[in-house]
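Student: sequence? don't have it. structure:
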(Lines give C-alpha, C1' and ligand atoms only; values in the text may rest on other atoms or scores of the structure.)
Protein backbone atom coordinates (compact mmCIF):
# COMPACT_ATOMS: atom_id res chain seq x y z
CA UNK A 1 0.00 0.00 0.00
CA UNK A 2 2.79 2.47 0.89
CA UNK A 3 4.57 1.84 -2.40
CA UNK A 4 1.38 2.45 -4.40
CA UNK A 5 0.69 5.63 -2.42
CA UNK A 6 4.19 7.00 -3.10
CA UNK A 7 3.80 6.17 -6.78
CA UNK A 8 0.50 8.08 -6.84
CA UNK A 9 2.15 11.12 -5.24
CA UNK A 10 4.88 10.96 -7.87
CA UNK A 11 2.28 10.91 -10.64
CA UNK A 12 0.56 13.97 -9.18
CA UNK A 13 3.90 15.80 -9.12
CA UNK A 14 4.52 15.06 -12.79
CA UNK A 15 1.18 16.53 -13.91
CA UNK A 16 1.50 19.64 -11.71
CA UNK A 17 1.48 23.59 -12.27
CA UNK A 18 0.33 27.14 -13.19
CA UNK A 19 -3.43 27.33 -13.36
CA UNK A 20 -5.48 30.24 -12.07
CA UNK A 21 -3.63 32.71 -9.84
CA UNK A 22 -6.83 33.56 -7.93
CA UNK A 23 -8.44 30.15 -7.56
CA UNK A 24 -5.99 27.39 -6.63
CA UNK A 25 -8.36 24.49 -6.10
CA UNK A 26 -9.08 20.92 -7.18
CA UNK A 27 -12.83 20.38 -7.55
CA UNK A 28 -14.80 17.44 -6.20
CA UNK A 29 -18.02 16.02 -7.64
CA UNK A 30 -20.42 17.65 -5.20
CA UNK A 31 -22.87 20.44 -6.00
CA UNK A 32 -25.03 22.42 -3.59
CA UNK A 33 -28.48 21.04 -2.80
CA UNK A 34 -31.50 22.70 -4.39
CA UNK A 35 -32.02 26.11 -2.81
CA UNK A 36 -28.79 25.96 -0.78
CA UNK A 37 -26.71 29.16 -0.62
CA UNK A 38 -23.01 28.99 0.15
CA UNK A 39 -19.87 31.11 0.13
CA UNK A 40 -16.19 30.29 -0.34
CA UNK A 41 -13.37 32.71 0.42
CA UNK A 42 -10.10 32.07 -1.43
CA UNK A 43 -6.90 33.72 -0.25
CA UNK A 44 -3.40 33.10 -1.58
CA UNK A 45 0.05 34.63 -1.38
CA UNK A 46 2.69 34.43 -4.15
CA UNK A 47 6.34 35.03 -3.19
CA UNK A 48 8.48 35.48 -6.31
CA UNK A 49 12.22 36.29 -6.43
CA UNK A 50 13.04 39.70 -7.86
CA UNK A 51 9.47 40.99 -8.13
CA UNK A 52 6.92 42.29 -5.60
CA UNK A 53 4.93 39.62 -3.79
CA UNK A 54 1.20 39.39 -4.52
CA UNK A 55 -1.79 38.74 -2.27
CA UNK A 56 -5.09 37.65 -3.83
CA UNK A 57 -8.57 37.43 -2.32
CA UNK A 58 -11.63 35.94 -4.03
CA UNK A 59 -15.24 35.71 -2.88
CA UNK A 60 -17.19 32.83 -4.44
CA UNK A 61 -20.92 32.75 -3.71
CA UNK A 62 -22.91 29.82 -5.12
CA UNK A 63 -26.52 28.66 -5.27
CA UNK A 64 -28.02 25.19 -5.78
CA UNK A 65 -30.39 25.30 -8.75
CA UNK A 66 -31.29 21.61 -8.34
CA UNK A 67 -29.79 18.71 -6.42
CA UNK A 68 -27.41 18.15 -9.34
CA UNK A 69 -26.64 21.68 -10.65
CA UNK A 70 -25.31 24.89 -9.13
CA UNK A 71 -24.53 28.41 -10.29
CA UNK A 72 -21.57 30.34 -8.91
CA UNK A 73 -19.57 33.55 -9.33
CA UNK A 74 -16.12 34.84 -8.44
CA UNK A 75 -15.36 38.39 -7.29
CA UNK A 76 -11.59 38.87 -7.33
CA UNK A 77 -9.29 41.37 -5.65
CA UNK A 78 -5.57 41.85 -5.18
CA UNK A 79 -3.17 43.88 -3.05
CA UNK A 80 -0.90 45.61 -5.60
CA UNK A 81 2.65 46.94 -5.33
CA UNK A 82 1.91 50.13 -3.38
CA UNK A 83 -0.29 48.32 -0.85
CA UNK A 84 -3.59 49.49 -2.31
CA UNK A 85 -6.40 47.10 -3.24
CA UNK A 86 -7.38 46.57 -6.88
CA UNK A 87 -10.39 44.84 -8.36
CA UNK A 88 -9.22 41.84 -10.39
CA UNK A 89 -12.27 40.95 -12.41
CA UNK A 90 -14.69 38.10 -12.02
CA UNK A 91 -16.13 34.87 -13.38
CA UNK A 92 -19.43 33.10 -13.76
CA UNK A 93 -19.58 29.33 -13.48
CA UNK A 94 -22.09 26.51 -13.90
CA UNK A 95 -21.49 23.05 -12.44
CA UNK A 96 -23.45 19.83 -12.94
CA UNK A 97 -22.87 16.42 -11.39
CA UNK A 98 -23.92 12.95 -12.41
CA UNK A 99 -26.49 12.04 -9.71
CA UNK A 100 -25.24 9.19 -7.59
CA UNK A 101 -21.79 7.59 -7.62
CA UNK A 102 -20.44 4.66 -9.61
CA UNK A 103 -18.56 1.49 -8.64
CA UNK A 104 -20.20 0.76 -5.32
CA UNK A 105 -20.55 4.48 -4.46
CA UNK A 106 -16.82 5.17 -4.94
CA UNK A 107 -16.56 7.25 -8.16
CA UNK A 108 -18.19 10.64 -8.74
CA UNK A 109 -18.41 12.53 -12.04
CA UNK A 110 -19.16 16.21 -12.72
CA UNK A 111 -18.50 19.04 -15.17
CA UNK A 112 -17.83 22.71 -14.46
CA UNK A 113 -17.86 25.52 -17.07
CA UNK A 114 -16.73 29.12 -16.56
CA UNK A 115 -16.44 32.40 -18.42
CA UNK A 116 -14.05 35.05 -17.06
CA UNK A 117 -13.20 38.71 -17.47
CA UNK A 118 -9.96 39.73 -15.74
CA UNK A 119 -8.15 43.10 -16.16
CA UNK A 120 -5.06 42.99 -18.40
CA UNK A 121 -2.83 43.80 -15.40
CA UNK A 122 -3.56 40.30 -14.08
CA UNK A 123 -4.47 38.41 -17.27
CA UNK A 124 -3.24 39.90 -20.60
CA UNK A 125 -5.95 38.27 -22.74
CA UNK A 126 -8.73 39.59 -20.41
CA UNK A 127 -11.52 37.28 -21.65
CA UNK A 128 -11.49 33.49 -21.41
CA UNK A 129 -13.41 30.29 -20.76
CA UNK A 130 -12.73 27.07 -18.88
CA UNK A 131 -14.22 23.59 -19.10
CA UNK A 132 -13.32 21.36 -16.16
CA UNK A 133 -14.28 17.64 -16.21
CA UNK A 134 -14.20 16.21 -12.68
CA UNK A 135 -13.69 12.62 -11.57
CA UNK A 136 -13.16 11.76 -7.91
CA UNK A 137 -12.63 8.50 -6.04
CA UNK A 138 -13.24 7.60 -2.40
CA UNK A 139 -11.91 4.28 -1.05
CA UNK A 140 -11.95 4.04 2.72
CA UNK A 141 -9.81 6.82 4.17
CA UNK A 142 -8.25 7.63 0.76
CA UNK A 143 -9.62 10.31 -1.57
CA UNK A 144 -8.42 11.35 -5.04
CA UNK A 145 -9.71 13.81 -7.63
CA UNK A 146 -8.57 14.63 -11.17
CA UNK A 147 -9.59 17.77 -13.12
CA UNK A 148 -8.24 17.71 -16.74
CA UNK A 149 -8.99 21.40 -17.35
CA UNK A 150 -9.25 22.94 -20.82
CA UNK A 151 -8.84 26.74 -20.70
CA UNK A 152 -9.48 28.78 -23.85
CA UNK A 153 -8.48 32.40 -24.42
CA UNK A 154 -11.05 34.52 -26.25
CA UNK A 155 -8.44 37.11 -27.26
CA UNK A 156 -4.71 37.13 -27.95
CA UNK A 157 -2.37 34.84 -29.93
CA UNK A 158 -3.87 31.60 -28.56
CA UNK A 159 -7.52 32.63 -28.93
CA UNK A 160 -9.66 29.60 -29.73
CA UNK A 161 -6.92 27.09 -28.87
CA UNK A 162 -7.86 25.00 -25.78
CA UNK A 163 -4.94 24.77 -23.35
CA UNK A 164 -4.38 21.78 -21.08
CA UNK A 165 -4.13 22.75 -17.39
CA UNK A 166 -4.66 19.58 -15.32
CA UNK A 167 -5.13 19.56 -11.57
CA UNK A 168 -5.19 16.60 -9.18
CA UNK A 169 -5.45 15.82 -5.50
CA UNK A 170 -4.67 12.91 -3.19
CA UNK A 171 -5.49 12.86 0.56
CA UNK A 172 -5.85 10.42 3.40
CA UNK A 173 -8.15 10.93 6.39
CA UNK A 174 -5.98 11.20 9.51
CA UNK A 175 -8.95 11.45 11.87
CA UNK A 176 -12.63 12.33 11.57
CA UNK A 177 -12.93 15.65 9.72
CA UNK A 178 -9.17 16.01 9.11
CA UNK A 179 -7.30 14.90 5.97
CA UNK A 180 -3.69 15.36 4.82
CA UNK A 181 -2.35 15.17 1.29
CA UNK A 182 -1.06 16.87 -1.84
CA UNK A 183 -2.48 18.94 -4.69
CA UNK A 184 -0.81 19.33 -8.08
CA UNK A 185 -1.41 21.83 -10.88
CA UNK A 186 -0.06 21.89 -14.42
CA UNK A 187 0.02 24.00 -17.56
CA UNK A 188 1.23 22.37 -20.79
CA UNK A 189 0.11 24.75 -23.55
CA UNK A 190 -2.49 24.36 -26.33
CA UNK A 191 -3.72 20.90 -27.31
CA UNK A 192 -2.48 21.41 -30.89
CA UNK A 193 1.03 22.24 -29.65
CA UNK A 194 1.52 20.54 -26.28
CA UNK A 195 4.81 21.12 -24.52
CA UNK A 196 5.26 24.77 -25.52
CA UNK A 197 4.55 25.61 -21.87
CA UNK A 198 5.50 23.56 -18.83
CA UNK A 199 4.82 25.02 -15.41
CA UNK A 200 4.37 22.97 -12.25
CA UNK A 201 3.04 23.55 -8.74
CA UNK A 202 2.93 21.02 -5.93
CA UNK A 203 1.28 21.87 -2.60
CA UNK A 204 1.07 20.00 0.67
CA UNK A 205 -2.49 20.46 1.95
CA UNK A 206 -4.66 20.04 5.03
CA UNK A 207 -8.46 19.68 4.74
CA UNK A 208 -10.82 20.24 7.66
CA UNK A 209 -14.51 19.36 7.25
CA UNK A 210 -17.33 20.28 9.66
CA UNK A 211 -21.12 20.44 9.42
CA UNK A 212 -21.31 23.94 7.91
CA UNK A 213 -17.65 24.88 7.41
CA UNK A 214 -14.82 23.53 5.24
CA UNK A 215 -11.17 24.61 5.32
CA UNK A 216 -8.45 23.84 2.78
CA UNK A 217 -4.94 25.21 3.38
CA UNK A 218 -1.77 24.47 1.45
CA UNK A 219 1.74 25.62 0.62
CA UNK A 220 4.47 24.61 -1.80
CA UNK A 221 6.74 25.54 -4.70
CA UNK A 222 5.99 26.38 -8.31
CA UNK A 223 8.60 26.05 -11.04
CA UNK A 224 8.98 26.17 -14.80
CA UNK A 225 7.64 29.72 -15.13
CA UNK A 226 8.27 32.50 -12.61
CA UNK A 227 9.60 30.29 -9.82
CA UNK A 228 7.79 31.07 -6.59
CA UNK A 229 6.36 29.82 -3.33
CA UNK A 230 2.56 29.77 -2.99
CA UNK A 231 0.53 29.73 0.23
CA UNK A 232 -3.26 29.40 -0.04
CA UNK A 233 -6.37 29.01 2.09
CA UNK A 234 -10.00 28.35 1.15
CA UNK A 235 -12.84 28.70 3.64
CA UNK A 236 -16.24 27.30 2.63
CA UNK A 237 -19.45 28.24 4.46
CA UNK A 238 -22.54 26.13 3.66
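Tutor: Here it is on my side, so go on. Bear in mind that the values here come from a model prediction, so they are computed numbers and not experimental data.

Student: how far does the helix or strand that residue 203 is a member of sit from the chain's center?
Tutor: Assigned by DSSP states H and E, residue 203 belongs to strand 199-209. On the basis of CA atoms, centre = their mean, to the nearest Å, strand 199-209 is displaced by 10 Å from the centre of the chain it belongs to.

Student: can you give me the strands for this structure?
Tutor: Assigned by DSSP state E, the chain shows strands spanning 37-47, 54-66, 69-79, 85-97, 107-117, 127-139, 142-153, 163-175, 178-187, 199-209, 213-223, 228-237.

Student: for the third one, name the packing helices and strands.
Tutor: Helices and strands touching strand 69-79, by 3 or more CB pairs under 8 Å, 6 or more residues apart in numbering; DSSP states H and E, are strand 54-66, strand 85-97. Bear in mind the C-beta positions are built from the backbone N, C-alpha and C, glycine included.

Student: distance from the chain centre to the first one, please.
Tutor: In other words, strand 54-66. Distance, stretch centre to chain centre, for strand 54-66: 12 Å (CA atoms, centre = their mean).

Student: on that earlier part again, export the strands of the chain to JSON lines and tack on mean pLDDT?
Tutor: Formatted as JSON lines, the strands of the chain follow (pLDDT from 0 to 100):
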{"stretch": "strand 37-47", "mean pLDDT": "93"}
{"stretch": "strand 54-66", "mean pLDDT": "96"}
{"stretch": "strand 69-79", "mean pLDDT": "96"}
{"stretch": "strand 85-97", "mean pLDDT": "96"}
{"stretch": "strand 107-117", "mean pLDDT": "98"}
{"stretch": "strand 127-139", "mean pLDDT": "98"}
{"stretch": "strand 142-153", "mean pLDDT": "98"}
{"stretch": "strand 163-175", "mean pLDDT": "97"}
{"stretch": "strand 178-187", "mean pLDDT": "97"}
{"stretch": "strand 199-209", "mean pLDDT": "95"}
{"stretch": "strand 213-223", "mean pLDDT": "95"}
{"stretch": "strand 228-237", "mean pLDDT": "94"}
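
Student: tell me the most buried of these?
Tutor: Across the strands of the chain, averaging neighbours per residue (mean count of other CB atoms under 10 Å) puts strand 178-187 on top, at a mean of 21.

Student: who does it touch, helix- and strand-wise?
Tutor: Helices and strands touching strand 178-187, by 3+ CB pairs under 8 Å, 6+ apart, are helix 2-14, strand 163-175, strand 199-209.
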